[in-house]
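Visitor: How does the following fold in three dimensions:
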Amino acid sequence: MSNNKLPSVSGHKICKALNKAGFEQSRTKGSHIILKKKGNPEGTITVVVPLHKIIRKGLLINIIKQSGLSREEFLKYLS
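Guide: As a prediction, this is how the structure comes out:
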């Protein structure tokens, strides 16, 4: 794993970063946004992001893994 320290971020900031990475909002269910990215060789990638004020580190790592991005790529889109 990378030594890049993950910042404390909100669900809205994660959604903005994933939008920059090519994900589009598919739908909303309660306080969760479902984002999808089509056109990948593996098929459609689906990521669920809760709209919390602060996303815990473990959940953030899981969201990054689901998206198929590396930590470095995600941090680039986050800034």
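
Visitor: and the nearest residue to Leu78 once chain neighbours are set aside, which of the three is it?
Guide: Among residues not flanking Leu78 along the chain, Ala17 sits closest, at 4.4 Å (C-beta to C-beta, 6 or more residues apart in numbering). In this view, the C-beta of every residue, glycine as well, is placed from N, C-alpha and C. Following DSSP: H, G, I helix; E, B strand; the rest coil, the label given to Ala17 is helix.

Visitor: Over to Gly39?
Guide: Assignment for Gly39 (three-state DSSP): coil.

Visitor: Same question for Val48.
Guide: strand.

Visitor: Go ahead and confirm Lys13 touches Leu78.
Guide: Yes: under the criterion of C-beta atoms under 8 Å, Lys13 makes contact with Leu78 at 6.7 Å.

Visitor: Contacts only, for Pro50.
Guide: Neighbouring residues of Pro50 by C-beta atoms under 8 Å, 6 or more residues apart in numbering: Gly11, Ser31, His32, Leu59.

Visitor: need the contact list for Cys15.
Guide: Gln25, Ile33, Leu35, Val49.

Visitor: I meant Ile61, not that one.
Guide: Residues near Ile61 by C-beta under 8 Å, 6+ apart: Leu6.

Visitor: Would you check how far apart it and Ser26 are?
Guide: 22 Å (C-beta to C-beta, to the nearest Å).

Visitor: As a check, name the ranges of all helices in this protein.
Guide: For the chain, helices defined by DSSP state H occupy the ranges 11-20, 57-67, 71-78.

Visitor: Give me whichever of the ones you listed is most buried.
Guide: Highest mean neighbour count among the helices of the chain (mean count of other C-beta atoms under 10 Å): helix 11-20, with a mean of 18.
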